[in-house]
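Student: Below: sequence and its predicted model.
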Amino acid sequence: MRQGEPPLENGFLPYLGCALKFGANPLEFLKEKQKKHGHIFTCHVAGKYIHFLTDPFSYHALMRQGKHLDWKKFHFATSAKAFGHGSIDPAEGNTTENFHQTFIRTLQGNALDALIEAMMENLQYVMLQSRAPKLQSNTWVTEGLYTFCCQVMFESGFLTLFGKELNSNNDKNLSSKQETERAHILNALENFKEFDKIFPALVAGLPIHLFKSAHSAREKLGEALLHKNLLKRDNLSELVTLRMFLNDTLSTFDDMEKAKTHVAVLWASQANTIPATFWTLFYLLKSPEAMRAATKEVQSVLESAEESVSLNGKHISLNRKQLDNMPILDSIIKEAMRLSSASMTFRVAKEDFTLHLENDAYNIRKDDVVALYPQLLHFDPEIYADPLTFKYNRFLNENGEEKTDFYRNGRKLKHYYMPFGTGIAKCPGRLFAVHEIKQFLALIFSYFEIELVDSNVKCPSLDQSRAGLGILQPSNDVDFRYRLKCL
Ligand code: HEM
């Protein structure tokens, strides 16, 4: 440590430094170091020097000094490492596509309306038609809640981004075509889960060939998303259509590398959405007061949209504007994600520079990492009283509208909620993600009676193996049951 640099925590292990202690429980580790060193400190982790900023009032200072910091290099390198495509950094010459721009263009603005419309249709198809055999006799179906959220969101989200298989003449009838399609998607889900299990290890730098079955799962996902196979599908999203075009026109990637860039999009679209959906529904099932408020809000939006709920094949349709008018569901989803998110923001120093914070300044060396760990903020009792408790209306003000004033030390915070990251690299799919979860809930409440098998079941703990990468998964599943309402 040189003069003017943040206090250094070297750890005891050569090279690994603090990696193991950090990896075991990042929140506890960072809290302990914050107590020891104050609001900024450096950890030596696996050969890198990571400067953690823990004061939420410094976050803004970091964003303002963006010219010294690179957010892309780390993302590009991680994506190539985990998904196995060549570098997507235009500086390295494989492609001139600006991926971030492609994502913003096809996940927000007008493109979002089309995604929402397709998702509404696909969710109902998946919940009512594709799973019909389970629902036939109007009796209760018991299942793991995580398994259910995983299947419904994966199948619907996959169909929304990658479309449906085109009719082939070999198919005898519609239902056998649906069965084949469903089998293909559930097979993709199995491969997705197998690959997702080792995702943290790949990000940490372990080579995929150490994991035989996950490697083969990733290759199979790639094969399913080869351009020649995507061309056999109908209703591809604008995101996938544009990405195929740009792969073909702006890159020198071979067919499998192109496919692997689609595997990356598939992963980004599902890996956080699935656990976020689980936590939202779990907390609702545990909180009758929240459930009453949520179902009432959905009913009233359906009534004012003049949508009736029936099982005669006519689907409910709610557009973006109607879904945007659900502040209670917004607050519930935010609260569930506050409690389960452990994303981390990284920036890499492009050169030696002085980082100016509110009251002090620190020297940062080229290639060092500056990081934020917003779970510290989400669990800060000064900002969120009783931070480990789910309060469905935490993000609502007295008028029942979105609450945006949160304080620390008597000062209003600009950054108080960050599951989607912040600044330029903020998740481009965040609006779609929240709409998807709202649609899922609105449809569950409309079509099903639903309850936990054991209403006293304990809240599962957060599986820390994915800390730093987004929404944490539950460490165990929870049984619930559901049946179609008599409509
Ligand atoms: C609850 C669900 C979601 C959460 C919590 C989430 C969170 C995040 C976070 C934390 C990042 C990294 C931001 C940073 O580095 O600062 C990210 C990036 C990204 N997300 Fe999401 N995300 C979610 C859903 C989605 C969905 C549904 C899509 C697409 C359909 C999506 C597409 C992406 C993409 C493409 C990136 C990379 C952006 C880039 O590098 O330009 N995400 N997400």
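Tutor: In hand now; what should we look at? Numbering: from 1, shown residues only.
Student: Alongside the ligand, which residues does the stretch 101-250 of the chain contribute?
Tutor: 103, 107 (CB under 6 Å from any ligand atom). To be clear about C-beta, it is placed using only N, CA and C from the backbone, and glycine gets the same treatment.
Student: if you set the cut-off to 8 Å instead, what comes out?
Tutor: By CB under 8 Å from any ligand atom, the residues of the stretch 101-250 of the chain that approach the ligand are 103, 107, 115, 157, 161, 239.
Student: Contact partners for the last one?
Tutor: The contact partners of residue 239, by CB atoms under 8 Å, 6 or more residues apart in numbering, come to 102-103, 106-107, 111, 115, 161, 265.
Student: Give the buried residues for the strand or helix carrying it.
Tutor: Using DSSP states H and E, residue 239 falls within helix 238-250. By neighbour count on 16 or more other CB atoms under 10 Å, the buried set for helix 238-250 is 238-240, 242-244, 246-247.
Student: ok, now stretch 285-292?
Tutor: Buried residues in stretch 285-292 (16+ other CB under 10 Å): 285-287, 290-291.
Student: Repeat that for stretch 353-363.
Tutor: Buried residues in stretch 353-363 (16+ other CB under 10 Å): 353, 355, 357, 362.
Student: which of the residues you listed lies closest to the ligand?
Tutor: Distance to the ligand across the buried residues of stretch 353-363 (CB to the nearest ligand atom) is lowest for residue 355, with 18.0 Å.
Student: hmm, who's touching the helix or strand where the closest one lies?
Tutor: If you go by DSSP H and E, residue 355 is part of strand 353-356. The contact list for strand 353-356 (CB under 8 Å, 6+ apart) reads 4, 51, 61-62, 65, 68, 361-364, 370.
Student: JSON lines please, covering the residues you listed and showing distance to residue 88.
Tutor: Formatted as JSON lines, these follow (distance: CB to CB, whole Å):
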{"residue": "4", "distance to residue 88": "36"}
{"residue": "51", "distance to residue 88": "26"}
{"residue": "61", "distance to residue 88": "30"}
{"residue": "62", "distance to residue 88": "25"}
{"residue": "65", "distance to residue 88": "25"}
{"residue": "68", "distance to residue 88": "23"}
{"residue": "361", "distance to residue 88": "34"}
{"residue": "362", "distance to residue 88": "32"}
{"residue": "363", "distance to residue 88": "32"}
{"residue": "364", "distance to residue 88": "26"}
{"residue": "370", "distance to residue 88": "23"}
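Student: ok so, going back, out of the contacts of residue 239, give me the one that has the most neighbours.
Tutor: Ranked by neighbour count (other CB atoms under 10 Å), the contacts of residue 239 have residue 161 at the top, with 26 neighbours.
Student: Give me the pLDDT value at it.
Tutor: Note for residue 161: predicted pLDDT of 98.
Student: quick check, it in a strand?
Tutor: No. Counting by DSSP: H, G, I helix; E, B strand; the rest coil, residue 161 falls outside a strand, being helix.
Student: burial count for the residue nearest to it when sequence neighbours are not counted?
Tutor: Spatially, and ignoring its direct neighbours in sequence, residue 161 is nearest to residue 237 (4.8 Å; CB to CB, 6 or more residues apart in numbering). Using other CB under 10 Å, residue 237 is surrounded by 22 other residues.
Student: OK, contacts around residue 43?
Tutor: Going by CB under 8 Å, 6+ apart, the list of residues near residue 43 reads 9, 11, 17-18, 22, 33, 49-50, 52.
Student: and the least confident of those?
Tutor: Minimum pLDDT across the contacts of residue 43 falls on residue 17, with 70.
Student: Can you select the buried ones from the contacts of strand 353-356 in PyMOL?
Tutor: A single PyMOL command is used to select the members of the contacts of strand 353-356 judged buried by 16+ other CB under 10 Å:
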select buried, resi 51+62+65+68+362+364+370
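Student: Tabulate the contacts of strand 353-356 (TSV), appending pLDDT.
Tutor: Shown next, in TSV, are the contacts of strand 353-356 (pLDDT from 0 to 100):
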residue	pLDDT
4	89
51	95
61	82
62	84
65	86
68	93
361	93
362	95
363	94
364	95
370	94
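Student: In strands, which of the contacts of strand 353-356 appear?
Tutor: 51, 361-364, 370 (DSSP state E).
Student: Which member of the residues you listed is positioned nearest the ligand?
Tutor: residue 370 (12.4 Å).
Student: among the contacts of strand 353-356, which two are most distant?
Tutor: Largest separation among the contacts of strand 353-356 by CB to CB: 4 and 62, giving 17.4 Å.
Student: biggest separation within the residues of the stretch 101-250 of the chain next to the ligand, which pair?
Tutor: Pairwise over these, using CB to CB, the maximum falls at 103 and 157, 15.4 Å.
Student: JSON lines for the residues of the stretch 101-250 of the chain next to the ligand, including distance to residue 460?
Tutor: Shown next, in JSON lines, are those (distance: CB to CB, whole Å):
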{"residue": "103", "distance to residue 460": "32"}
{"residue": "107", "distance to residue 460": "30"}
{"residue": "115", "distance to residue 460": "30"}
{"residue": "157", "distance to residue 460": "23"}
{"residue": "161", "distance to residue 460": "28"}
{"residue": "239", "distance to residue 460": "32"}
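Student: ok, so of those, who is nearest the ligand?
Tutor: residue 103 (4.5 Å).
Student: so how far is residue 167 from the spatially most central residue of the chain?
Tutor: Geometric centre of the chain, nearest residue: residue 272, 2.5 Å, by CA atoms, centre = their mean. Counting by CB to CB, to the nearest Å, the gap from residue 272 to residue 167 is 33 Å.
Student: Next, give phi and psi for residue 471.
Tutor: phi -80, psi 130 (degrees, to the nearest 10).
Student: sorry, back to before: would TSV of the contacts of residue 239 with distance to residue 395 be doable?
Tutor: TSV is the format used below for these (distance: CB to CB, whole Å):
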residue	distance to residue 395
102	31
103	26
106	28
107	23
111	27
115	24
161	28
265	29
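Student: Now, the contacts of residue 43 that are in helices?
Tutor: Among the contacts of residue 43, the residues falling in helices (DSSP state H) are 22, 33.
Student: what's near enough to touch the nearest residue to residue 16 once chain neighbours are set aside?
Tutor: Of all residues not flanking residue 16 in the chain, residue 46 sits nearest, at 5.7 Å (CB to CB, 6+ apart). Residue 46 makes contact with 15-17, 19, 204-205, according to CB under 8 Å, 6+ apart.
Student: can you rerun that using 10 Å?
Tutor: Contacts here follow CB atoms under 10 Å, 6 or more residues apart in numbering; on that basis residue 46 touches 11, 13, 15-20, 22-23, 204-205.
Student: and it, what pLDDT?
Tutor: At residue 46, pLDDT is 79.
Student: Hmm, residue 54 is touching residue 36, no?
Tutor: No. Here residue 54 lies out of contact with residue 36, judged by CB atoms under 10 Å, at a distance of 11.6 Å.
Student: So if I had to pick from the two, which one is more boxed in?
Tutor: A count of neighbours by other CB under 10 Å puts residue 54 above the other of residue 54 and residue 36, at 21 against 10.
Student: And the more buried one, how close does it get to residue 199?
Tutor: For residue 54 relative to residue 199 (CB to CB), the value is 26 Å.
Student: what's the answer for residue 279, then?
Tutor: Residue 279 sits 19 Å away from residue 199, going by CB to CB.
Student: neighbour-wise, which of those two wins?
Tutor: residue 279 (29 against 19).
Student: which SS state does that one fall under?
Tutor: helix.
Student: now the helices for the stretch 301-450 of the chain?
Tutor: 320-324, 327-340, 375-378, 430-447 (DSSP state H, counting those that start in this stretch).
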